[in-house]
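Peer 1: return atomic coordinates for the entry below.
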Amino acid sequence: MTVGQELEKITGLKLFHNHMTIDLVAPILGFTPEMWKLVNNFRMEMFKVVAKSDLDGLIFTFVWAFNLQSDWDYVEQVCEIFETNGGTVYFVEHTATLDERIERNKSPNRLEHKPTKRNVEWSEKELKESMKKHRLNSFDGEIKKDKYIKIDNTNLSAKEVAEMIKERFKV
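Peer 2: Okay, here's the model as predicted:
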């Protein structure tokens, strides 16, 4: 999200970070299968509307569990929405150490923009559990997209990463 915020500033593209939908629905339904279904439906409808709009593009953040076929299918579905409407999809994969992710998870910016992360103890536990349960980074060569970059941003600022993305993809 933080890199997306910086990228939004330097490109003018709108940011649609994953917690915009999670934090809309979770306070009502909790983290239930029904909540995830509604979140995904809302996102898909947003993608369809944006893909047909006159917007220059959209920055979307997503935590991809590479060990789940359903996540691969979801990503392909999102790509199809934009590509069938003449759009181009760019992939940026971020990596960082667990210690760095835990520190960032407590940052004032994250807590301001992601209400469900404000219970820091719960959020840190959830982060660690998701990393045990899911493979959250791709293997080398696994993503076969032409417009793809993988960045270890452990020691980089969000602004530096956003500049790298802008330069790499000329957005």
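
Peer 1: which parts of this protein are helices?
Peer 2: With DSSP state H as the criterion, the chain has helices at 2-11, 19-29, 33-51, 69-83, 98-104, 108-113, 120-133, 158-169.

Peer 1: am I right that Tyr74 is in contact with Asn41?
Peer 2: No - using CB atoms under 8 Å, Tyr74 is not in contact with Asn41, being 11.8 Å away. C-beta: built from backbone N, CA, C; applies to glycine.

Peer 1: more neighbours: which of these two?
Peer 2: Neighbours per residue (other CB atoms under 10 Å) separate Tyr74 from Asn41, with Tyr74 holding more: 17 against 12.

Peer 1: for that one, list the residues it contacts.
Peer 2: Each residue near Tyr74 by CB atoms under 8 Å, 6 or more residues apart in numbering is listed here: Asn40.

Peer 1: nearest residue to the most centrally placed residue in the chain other than its sequence neighbours?
Peer 2: Against the mean C-alpha coordinate of the chain, by CA atoms, centre = their mean, the closest residue is Thr61 at 1.7 Å. Excluding its sequence neighbours, the residue lying closest to Thr61 (CB to CB, 6 or more residues apart in numbering) is His17, at 4.4 Å.

Peer 1: against Asn109, how distant is that neighbour?
Peer 2: 11 Å (CB to CB, to the nearest Å).

Peer 1: and these two? which has more neighbours close in?
Peer 2: Higher neighbour count among His17 and Asn109: His17, with 20 against 12, using other CB under 10 Å.

Peer 1: in this structure the more buried one contacts His113, no?
Peer 2: Yes - taking CB under 8 Å as the definition, His17 is a contact partner of His113 at 7.4 Å.

Peer 1: joint contacts of these two?
Peer 2: Residues touching both His17 and His113 (CB under 8 Å, 6+ apart) are Met1.

Peer 1: deepest of the helices of the chain, which one?
Peer 2: Highest mean neighbour count among the helices of the chain (mean count of other CB atoms under 10 Å): helix 2-11, with a mean of 19.

Peer 1: what angle do that one and helix 158-169 make?
Peer 2: Counting by axes from the mean of the first three to the mean of the last three CA atoms, to 10 degrees, helix 2-11 lies at 60 degrees to helix 158-169.

Peer 1: quick one: contacts of helix 2-11?
Peer 2: Applying CB under 8 Å, 6+ apart, the contact partners of helix 2-11 are 13-15, 17, 57, 59, 61, 92, 94, 104, 107, 109-110, 153, 158-159, 161-163, 165-166, 171.
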